[in-house]
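J.: Provide a 3D model corresponding to the input given below.
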Amino acid sequence: MKQQQFFAFISRMKYINRWSLMRSTIQENLSEHSLETAFIAHALALIRNKRFGGNVDPERCAVLAMYHDMSEIITGDLPTPIKYYNKEIRSVYNEIEQKAADRLIAYLPEDLREDYRSLLTPDADEKELWKLVKAADKISALIKCIEERRMGNDDFSSAEKATLEAIHAFDLSEAEVFLEEFIPAYTLTLDDQTEQI
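T.: Just a heads-up that it's a prediction; the model follows:
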């Protein structure tokens, strides 16, 4: 039986550090970020359904978020200022991401490839879910910025401001709810958090 490499590649997510251009007090790897993004995406989908009359699948949204940066196992984490420097670079990087996703999919048995393709490649039919995933991705980045700033690392101050603006630019009510109801707790100490229970 042929050995399949897909999950061996996934296990390497823990070796891909994020924020490569920033001095971080605590390193964050791709695996940690993907899980946090999945938690947040799930919550955004639930908020949409419960408070704004939506009808999206929170579990599917969480799974898409788990896999949203999977191509970075091959490409690495390209810093945001470079990735979005101009349209040409973004277009080329999108193409590189697609090729990386195709390569990862090729590491699966043929009968599973299409199931995973929908997790690694955005599908037009799931545009609304992917928008929630992108918002969750930015919220996770905002949390990192807040945590770093709280530890006295001012290197993240500008990134925090830009990330918050990017979240507002999504114009998603559920993201605004998350910012208002959940983000303030990230400024509390553990003792402060437990006192409020």
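
J.: hey, let's count contacts and neighbours off CA atoms from now on
T.: Will do.

J.: least trustworthy helix or strand in this structure by mean pLDDT?
T.: helix 80-83 (a mean of 63; mean pLDDT, DSSP states H and E).

J.: residue closest to the middle of the protein?
T.: With distances taken as C-alpha atoms, centre = their mean, Asp137 lies nearest the centre of the chain, 3.1 Å away.

J.: next up, the contacts around it.
T.: 37, 65 (C-alpha atoms under 8 Å, 6 or more residues apart in numbering).

J.: looks to me like it is in a helix.
T.: Yes. The assignment for Asp137 is a helix, going by DSSP: H, G, I helix; E, B strand; the rest coil.

J.: distance of it relative to Ser173?
T.: 16 Å (C-alpha to C-alpha, to the nearest Å).

J.: and what of Asn86?
T.: Counting by C-alpha to C-alpha, the gap from Asn86 to Ser173 is 28 Å.

J.: out of the two, which sits in the busier spot?
T.: The residue with more neighbours, out of Asn86 and Ser173, is Ser173; 15 against 10, by other C-alpha atoms under 10 Å.

J.: enumerate every residue touching the more buried one.
T.: Arg48.

J.: distance between the helix or strand hosting Leu129 and the chain's centre?
T.: If you go by DSSP states H and E, Leu129 is part of helix 127-150. Taking C-alpha atoms, centre = their mean, to the nearest Å, one finds the center of helix 127-150 at 6 Å from the center of the full chain.

J.: after that helix, next one along is what?
T.: helix 157-169.

J.: dump the C-alpha coordinates for whichever helix or strand comes after that next one into PDB.
T.: Next helix or strand after helix 157-169 toward the C-terminus (DSSP H and E): helix 173-181. Extracted as PDB, the C-alpha positions of helix 173-181 are listed here (Å, rounded to 0.1, in the frame of the first residue of the first chain):
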ATOM      1  CA  SER A 173     -22.300  42.500  12.300                       C
ATOM      2  CA  GLU A 174     -21.100  39.200  13.900                       C
ATOM      3  CA  ALA A 175     -17.500  40.400  13.900                       C
ATOM      4  CA  GLU A 176     -18.500  43.700  15.500                       C
ATOM      5  CA  VAL A 177     -20.400  41.700  18.200                       C
ATOM      6  CA  PHE A 178     -17.300  39.500  18.800                       C
ATOM      7  CA  LEU A 179     -15.200  42.700  19.100                       C
ATOM      8  CA  GLU A 180     -17.600  44.300  21.600                       C
ATOM      9  CA  GLU A 181     -18.500  41.200  23.700                       C
END
